[in-house]
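A.B. asks: sequence first, then the predicted structure, then my questions.
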Amino acid sequence: MGLWAWPLLGVIVIICAIGYYATRRIMVFERKREQTNDAPIPAAIKDHPMTLNPIFLVYVAALVFVIVLIGYFYATSSPY
């Protein structure tokens, strides 16, 4: 395996875990919604609508991966 195979695999696992968790939460929410006609919007989403969006969580995971990659290349590069 190449040098970046393990970090890339880690990012893929994190993205899959976020997607799985978000899907499970939506399934639970749908089951609760089926029991009532109109479900209220949770307070956490009213206060911070961007926080629970899985797309933004994926962007954050990718950003962290890129920052680690840049830091690694900067740390291992020689000055000359």
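C.D. replies: All right, it came through fine.
A.B. asks: beyond the lowest-mean-pLDDT helix or strand in the chain, next helix or strand please.
C.D. replies: Sorting the helices and strands of the chain by mean pLDDT, DSSP states H and E puts helix 43-47 at the bottom, at a mean of 73. Scanning forward in sequence from helix 43-47 by DSSP states H and E, the next helix or strand is helix 54-76.
A.B. asks: low-confidence ranges, the chain, go.
C.D. replies: Along the chain, the parts satisfying pLDDT under 70 run over 1, 32-39, 49-52, 80.
A.B. asks: in it, which helix has the most residues?
C.D. replies: The helix spanning the most residues in the chain, taking DSSP state H as the definition, is helix 5-35.
A.B. asks: helix 54-76 and that one, what's the angle between them?
C.D. replies: 170 degrees (axes from the mean of the first three to the mean of the last three C-alpha atoms, to 10 degrees).
A.B. asks: mind checking the SS state of residue 2?
C.D. replies: coil (DSSP: H, G, I helix; E, B strand; the rest coil).
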